[in-house]
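> Return atomic coordinates for the entry below.
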Amino acid sequence: MTEENITRIHLDGKEIILIGTAHVSKHSAEQVKEVIEAEKPDVVCVELDEQRYQSIMDGNKWKEMDIFKVIKERKATLLLMNLAISSFQKRMAKQFGINAGQEMIQGIESAKEVGADLVLADRNIQITFSRIWGNIGLKGKMMLLLQVVGSIFSRESISEEELEKMKSQDMLDSMLQEFTDNFPRLKTPLIDERDQYLSQKIKEAKGEKIVAVLGAAHVPGIKEEIKKDHDLERLSTVPPKSKIPKIIGWSIPILIIALITYTFLSNPSAAFHQTLSWILWNGTLSAIGAAVALAHPLTILTAFIAAPITSLSPLIAAGIFAGIVQALLRKPNVRDFENLSDDVFSAKGFWNNKVTRIFLVVMLSNLGSSLGTFIGGADVIRLFFENL
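Numbers count the residues shown, from 1 in each chain. Reported below is the predicted structural model:
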């Protein structure tokens, strides 16, 4: 049995075997099977949480989605990001003729075959997303969104040999170093905190011999963190939301209404131009966003009408109305949900599938409305000072 990508740790009377994998590597899946069958551990830990485990075990979960509930709860953009991230992995996996996450599936199956207990060792993905989103600032959010959206259009392919090189110690360290330099605040919740969480769950597993199936990026950190004790409750806490966005969210509409009202009392004609500018900038840019998503004409009209109104309240968004209208006019059928996993392979698929098109309508309408708020708001302020 080859020891490549395998790390053995002896701690408190336990033998812990870490297998560093690439999530789309055929060799990784084969190695997981080989190691578990040879070692016959008491416990197999996998880098999954309950939500991702259920997703792997029940690939048809998308069919049960309530599209209207997703829109109303403002989860469309999050789901779109999830799909975009998974599409990048699935494209690479398809290149090598395997399923994305095959090494985790293999770990689950091999654990059953040798009678080992299965431990889902990773932190809840929603908590990780929340801690990422709350920890990277406005610039980080924009960079993350650009990277995720860019991955939809990516046509990059790599050889499996290159994929295996990514798991070598030197290459991995240099990659993480570059990642930290360019996007330092993302590495903490995405890698470091999960290293701590994973190491504690692995260490607490009941048994003398433990095999852990992990993404290779986590192995160096876990080798160090497993020597320490970590508070799982602290690592699972969702950070409180900053009050600053809420303050800004209410300040802008209050300022806009106040300026237009003041201008109206002194110069009704100027106030009319302020109002028209606000409506046109908000409505037009939100409608353009919906049009880019290839929305139904009535959806585009809805975005145009809703944006100037919704921009005056942080509690509602133009994308919610546009998304609901699009879902009513172009309601996804069973085939759209069945084809979702295949359609996310390409940008064309994202736009053609009725489910992802609704998500795009929501996201792009909101993006257009946000741009319109800043541009239209700036024009309202300009007209105010011109007519003082």
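
> contacting residues for the residue lying farthest from the centre of the chain?
In the chain, the residue that sits farthest from the middle, by Cα atoms, centre = their mean, is residue 266; the gap is 48.8 Å. Shown in contact with residue 266 (Cβ atoms under 8 Å, 6 or more residues apart in numbering): residue 387. Every C-beta, even on glycine, is put in place using the N, C-alpha and C of the backbone.

> what do you get if the cut-off is 10 Å, keeping everything else the same?
384, 387-388 (Cβ atoms under 10 Å, 6 or more residues apart in numbering).

> go on, residue 226?
Applying Cβ under 10 Å, 6+ apart, the residues contacting residue 226 are 9, 11, 16, 18, 195-196, 198-200, 202-203, 212.

> Show me where the chain dips below the pLDDT cut-off.
By pLDDT under 70, the weakly predicted segments of the chain are 1-2, 23-25, 58-65, 77-78, 81-100, 134-185, 338, 341, 344-346.

> Tell me where it has strands.
For the chain, applying DSSP state E gives strands covering 6-11, 14-21, 43-46, 117-120, 209-215.

> quick one: buried residues of the last one?
For strand 209-215, the buried set under the neighbour-count rule, 16 or more other Cβ atoms under 10 Å, comprises 210-215.

> mind listing what the closest residue to residue 259 other than its chain neighbours touches?
In space, residue 259 comes closest to residue 384 once its chain neighbours are excluded; the distance is 4.6 Å by Cβ to Cβ, 6 or more residues apart in numbering. Going by Cβ under 10 Å, 6+ apart, residue 384 touches 255-256, 258-260, 262-263, 266-267, 270-271, 274.

> Can you flag the buried ones in those residues?
Counted by 16+ other Cβ under 10 Å, those give 256, 259-260, 263, 267, 270-271, 274 as buried.

> Name the pair among those residues with the greatest separation in space.
256 and 267 (16.4 Å; Cβ to Cβ).

> doesn't residue 227 make contact with residue 10?
No. Using Cβ atoms under 10 Å as the test, residue 10 is too far from residue 227 to be in contact (11.5 Å).

> So for the two, which sits in the more crowded spot?
residue 227 (11 against 8; other Cβ atoms under 10 Å).

> Can you report phi and psi for that one?
Dihedral pair for residue 227: phi -80, psi -10, per degrees, to the nearest 10.

> correct me, but it touches residue 199?
Yes. Residue 227 lies in contact with residue 199 (Cβ under 10 Å); the separation is 8.4 Å.

> overlap in contacts of those two?
Contacts common to residue 227 and residue 199, judged by Cβ under 10 Å, 6+ apart, are 9, 11.

> Give me the number of neighbouring residues for the closest residue in space to residue 246 that isn't next to it in sequence.
Using Cβ to Cβ, 6+ apart and skipping residues adjacent in sequence, the residue nearest residue 246 is residue 314, 6.7 Å away. Each residue near residue 314 was counted by other Cβ under 10 Å, and the total is 16.

> mind starting the numbering at 62 from now?
Let's use 62 as the start, then, which means that last one is residue 375.

> Export the buried residues of strand 270-276 as TSV, with columns for distance to residue 131.
Output for the buried residues of strand 270-276, formatted as TSV (distance: Cβ to Cβ, whole Å):
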residue	distance to residue 131
271	38
272	37
273	34
274	31
275	31
276	28
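
> so residue 93 sits right up against residue 274, yeah?
Yes. Judged on Cβ under 10 Å, residue 93 makes contact with residue 274 at a distance of 5.4 Å.
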